Every structure is written in C-alpha cells, then in structure tokens.
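# Fold the following for me, if possible:
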Amino acid sequence: MTSHEPGATARRVAEVRALRRLTQSELATAAAVSLSLIRKIEQGSRRATPDMLGAIAAALDVEPRTLTGAPEHTESRVHALLPDLRRALESYDMPDDGPVRTLAELRGAVSDTVDWRLASQYTRIAQHLPALLEELCRAVQLHRGADQQEAFRLLALAYRAADGVAYKFGYRDLSSRIIELMRWAASGAADELLDAAVAYVRTEVFFANHNLQHGLRALDSAAGLVRPGTSAQAAAAYGSLHMRAAVVAARCGDAAACDHLGEAHDAARHVSEGVYHGTAFGPSSVRVHAVAVAVERGDGGAAVQQAAGWAPPLQLPAERRSHYYIDLARAQLWVGHRDKALTCLQAARDIAPQHVREHPQVRQTLATLLRLGRTCPETLRTFARWVGLVQR
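As a prediction, the model looks like this:
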C-alpha cells in the first residue's frame with residue numbers, strides 16, 4: 001500500500017479525528033458531508049475526492065496532504081530540488097559534456113555525500129548530488145580498466161545517497177529506479193561486497209511493497225554469496241545483511257529473527273564499529289538492531305530492557321542513533337511510559353531533525369500520545385505542529 005491509497009488516507013483521517021476528540025458524526029457535521037461518507041472513507045471503501053478531502057481537512061484543522069501522506073509536508077527545499085536529481089538520473093548513459101575531476105577528488109566528493117546521508121542532511125545531498133552524478137557518469141565513460149571499476153564503485157555509492165533522499169521523502173518509484181541504477185553501477189565495479197550493499201538497500205523496495213518474505217529471501221541469498229572470513233569488510237557486509245534480515249524476519253513474525261541477529265553478533269566480533277560500503281556496522285549497530293527486532297515483534301518490555309542503561313555512542317551515524325530513539329519511543333509508549341516516549345522522540349529530533357520530521361513512525365507515535373492524553377502538554381503539541389500533524 002502506498003501512502004496515497006485509500007487505506008492509508010482512511011487511517012490518517014481516523015487518527016486525526018481521534019486526536020481532535022471528534023466523533024464521526026461531529027466530523028461529518030463540521031465538514032458538511034454525510035455521516036455515511038465519513039464512515040466509508042475511514043473504512044477505506046470510498047476514495048475521497050480532492051473537494052471532500054479539503055472539507056474534511058478544514059474541519060480537522062490540518063492540511064489535506066496531512067491526510068493523504070503526499071510529499072511536501074515538511075522540507076519543501078528538498079522537494080523543489082528533486083527535478084534536478086531526476087534529470088541527472090535520466091541521463092546516466094549520456095551525460096552532458098563537462099569537466100571530470102581526478103578519481104582521488106571524486107572519492108572525496110562521494111565521501112562527503114555518504115557522510116551527509118548518514119547524518120540525515122538531505123537538503124545538502126539534494127543540492128550537490130545532481131552535478132556529482134553527472135560527473136561520475138562522465139568518469140565511467142572516460143576511464144577504462146581498474147580506473148573505470150573505481151568510477152563505477154563511486155557512482156554506486158553516490159546512487160545510494162540519492163536513494164536516501166528519495167526513500168525518506170516518499171518517492172518510492174524514484175527510489176526503485178535509483179536502486180536499479182545502483183545495481184548497474186555495482187556490476188560495473190565488479191565488487192561482490194558492493195553487490196551485498198545493493199542487496200541491503202534493495203530491502204526498501206520489499207518494505208514499501210509489504211513483500212517481506214521475498215525481501216528476507218533476497219537478504220539470505222545475498223549473505224550466502226559473501227565470505228565473511230576473508231576480510232573485515234566482508235565480515236561487515238555479511239553481518240549487515242543478517243542485521244537487516246533480523247528486522248525483516250521480526251516484522252513478518254518469522255522465528256529466524258534470532259538466528260539472523262546471532263549471525264550479526266558473531267560477525268561484529270571481528271570488526272570495529274565503522275562505515276563499510278556505505279553501511280554502519282559493528283557491535284553498537286547490532287545492539288541498536290536488537291532493540292529494533294524487539295519493537296518489530298511488538299515486545300515493548302524486551303525493547304526497553306535491551307536499552308536499559310545504554311545509549312548509542314556518538315561515533316554511530318546520526319541517522320542510526322535517531323532511529324534507535326524512534327524505536328525506543330514506540331516501546332516506551334507500549335509499556336505505558338508516555339513521558340519517556342516523548343523524551344525519546346525529542347532526543348531523536350536533536351540528533352537528526354530532518355530524519356525525524358519525515359519519519360512515519362514518529363507521526364504515528366505522536367498521534368497516539370495525543371489521542372491517549374487527557375490533557376495535552378504544550379511540548380507535545382509543539383512537537384506535533386513541528387512535524388505537521390496539527391496546525392495549531
């Protein structure tokens with residue numbers, strides 16, 4: 001289900017109505033539509049027209065895009081820059097003429113984009129990446145042999161940064177296209193560990209399409225091609241695939257989640273925490289994912305226990321640390337610690353504001369906190385306004 005389909009809109013209408021403490025009848029009266037129409041929209045059996053959504057949104061005091069989940073609800077600068085990124089992607093095989101820096105200089109530029117992605121600095125990526133992608137495509141055409149393979153490797157990592165923007169901001173079709181280009185570039189690099197990195201990122205497609213079993217099989221297959229004992233880089237690639245497989249398995253209720261997490265733990269014993277082929281991996285990253293696995297299983301108590309007395313170290317990328325607190329906020333909410341849930345969301349925002357502002361689970365947790373609270377603390381309402389969940 002995409003965010004623009006009736007089921008997603010139905011859920012959002014019901015959530016916002018509930019946090020406004022309105023009955024379906026009261027919403028129908030305020031929006032000047034029939035009660036039966038409101039019921040059908042919330043059931044997902046009737047697609048609301050733009051005029052209907054406008055009336056319902058006005059009655060709920062939110063923007064229509066809050067109900068549809070359409071892009072552009074927050075970082076408008078990123079959305080405004082997406083056409084330039086699309087053009088750079090479309091011309092991958094016939095880039096415009098222009099200068100090409102040395103491979104050493106290009107490595108530095110790509111390293112910057114990787115750092116920006118890990119720090120959730122999406123605006124900077126969207127500003128600088130289109131020109132860099134075109135230059136890297138020129139480099140691929142210019143070089144031959146080992147130098148061309150290196151240019152392909154850098155291009156694959158740059159595509160991954162592009163996907164970080166597309167996926168986080170809800171452009172699922174664009175994300176799928178970028179992942180295919182990343183696979184193409186990885187094949188040109190002739191690097192099996194880069195192929196593993198592509199498999200790791202490709203899981204997003206299965207998440208978006210709710211095709212988790214296929215995603216799990218794809219991760220298993222990719223991990224089977226990696227020889228973890230050959231190098232630290234290989235161990236990190238192998239562990240990363242199992243780390244992500246553990247979360248996927250937990251989400252679809254597969255008992256293999258513990259086995260995958262165990263494989264990731266074993267691999268982490270042989271590497272130090274760091275960024276390998278664009279993915280953070282190491283003992284701390286595995287511990288973050290252990291909390292995520294408990295959350296995906298719906299076991300808030302286990303997640304809180306896993307997190308007790310521990311905080312992700314500053315050496316972890318901002319996006320990963322932020323996601324840890326988003327997961328922990330959900331767990332704290334489930335065990336009845338509403339204040340701690342909000343504190344976790346605030347911690348996540350302090351670490352990576354763009355990541356938090358665009359994250360659907362943040363909005364869901366905030367909506368639940370608003371709905372459950374008999375009174376609404378100003379800090380909570382301010383946070384909800386910041387993410388665009390309420391207007392005032």
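
# first vs last residue of stretch 248-268, how far apart are they?
End-to-end distance of stretch 248-268: 19 Å, with Cα to Cα, to the nearest Å as the criterion.

# What's the mean pLDDT across that stretch?
Here stretch 248-268 scores 96 as its mean pLDDT.

# List the contacts of that stretch.
Contacts to stretch 248-268, defined as Cβ atoms under 8 Å, 6 or more residues apart in numbering, come from residues 203, 206-207, 212-213, 215-216, 219, 223, 228, 235-236, 238-240, 242-243, 245-247, 281-283, 285-286, 289-290, 292-294, 296-297. For the C-beta atoms, the positions are set from N, CA and C on the backbone; glycine is no exception.

# Flag every buried residue along that stretch.
Under the neighbour-count criterion of 16 or more other Cβ atoms under 10 Å, stretch 248-268 has 248-252, 254, 256-257, 260-261, 263-265, 267-268 buried.

# which regions of this structure sit below the pLDDT cut-off?
1-6, 19, 61, 63, 65, 69-75, 374, 391-392 (pLDDT under 70).

# what about 50?
By pLDDT under 50, the weakly predicted segments of the chain are 1-4, 71-74.

# how about the strands in it?
Remark: strands assigned in the chain by DSSP state E are 274-276, 279-281.

# returning to what we had before: show me which of the contacts of stretch 248-268 are buried.
Among those, those classed as buried by 16+ other Cβ under 10 Å are 203, 206-207, 212, 215-216, 219, 223, 228, 235-236, 238-240, 242-243, 245-247, 281-283, 285-286, 289-290, 292-294, 296.

# So which of the residues you listed are in helices?
Among these, the ones falling in helices (DSSP state H) are 203, 206-207, 212, 215-216, 219, 223, 235-236, 238-240, 242-243, 245-247, 283, 285-286, 289-290, 292-294, 296.

# And Ser240, how far from Val335?
Applying Cβ to Cβ, to the nearest Å, the value for Ser240 to Val335 is 30 Å.

# what's the single longest helix in this structure?
Max-length helix for the chain by DSSP H is helix 145-168.

# which secondary structure elements does that one contact?
helix 76-90, helix 103-118, helix 122-142, helix 172-189, helix 192-208, helix 353-358 (3 or more Cβ pairs under 8 Å, 6 or more residues apart in numbering; DSSP states H and E).

# can you list these in CSV and add distance to Glu26?
Below are the helices and strands packed on helix 145-168 laid out as CSV (distance: least, Cβ to Cβ, whole Å):
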stretch, distance to Glu26
helix 76-90, 32
helix 103-118, 44
helix 122-142, 38
helix 172-189, 35
helix 192-208, 35
helix 353-358, 30
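
# Ok, which of the ones you listed comes nearest Leu372?
Of all the helices and strands packed on helix 145-168, helix 353-358 sits nearest to Leu372, with 20.4 Å by Cβ to Cβ.

# how far out from the middle of the chain is that closest one?
Here helix 353-358 shows a centroid-to-chain-centroid distance of 10 Å under the convention Cα atoms, centre = their mean, to the nearest Å.

# ok, and what's touching that helix?
Applying Cβ under 8 Å, 6+ apart, the contact partners of helix 353-358 are 74-75, 120-123, 168-170, 318-319, 322-323, 326, 345, 348-349, 362, 386-388.

# go on, stretch 326-334?
291-292, 294-295, 298, 300-301, 303-304, 307, 338, 340-342, 344-345, 348, 356, 359, 361-362, 365, 368-369.

# Just the buried ones out of those residues, please.
For the contacts of stretch 326-334, buried by 16+ other Cβ under 10 Å: 291-292, 294-295, 300, 303-304, 307, 338, 340-342, 344-345, 348, 356, 359, 362, 365, 368-369.

# Now, those that are in helices?
Short answer: those in helices (DSSP H) are 291-292, 294-295, 300, 303-304, 307, 338, 340-342, 344-345, 348, 356, 362, 365, 368-369.

# Quick check: Ala189 touching Ala146?
No: in this structure Ala189 lies outside contact range of Ala146 using Cβ atoms under 8 Å: 10.4 Å.

# Those two: which is more packed in?
Ala189 (21 against 10; other Cβ atoms under 10 Å).

# any idea how far that one lies from Val198?
10 Å.

# Residues in contact with both of the two, list them for me.
Common contacts of Ala189 and Val198, defined by Cβ under 8 Å, 6+ apart, comprise Ala156.

# who's in contact with Met243?
Here Met243 is in contact with 260-261, 264, 281, 285-286, 289 (Cβ under 8 Å, 6+ apart).

# Please apply the same query to Gly145.
By Cβ under 8 Å, 6+ apart, no residues touch Gly145.

# what do you get for Pro228?
234-235, 237-239, 267, 270.

# separation between it and His242?
10 Å.

# Touching, Ala292 and Val286? I think so.
No: assessed by Cβ under 8 Å, Ala292 is found out of contact with Val286, at 10.3 Å.

# contacting residues around the residue nearest to the spatial centre of the chain?
Closest to where the C-alpha atoms of the chain average out (Cα atoms, centre = their mean) is Lys168, at 4.8 Å. Lys168 makes contact with 120, 122, 354-355, 358-359 under the criterion Cβ under 8 Å, 6+ apart.

# please redo it, this time with the cut-off set to 7 Å
122, 355, 358 (Cβ atoms under 7 Å, 6 or more residues apart in numbering).

# Are any of the contacts of helix 353-358 buried, and if so which?
The buried subset of the contacts of helix 353-358 - by 16+ other Cβ under 10 Å - is 74-75, 120-123, 168-170, 318-319, 322-323, 326, 345, 348-349, 362, 386-388.

# surely Tyr200 meets Thr279?
Yes: counting by Cβ atoms under 7 Å, Tyr200 does reach Thr279; the two are 6.0 Å apart.
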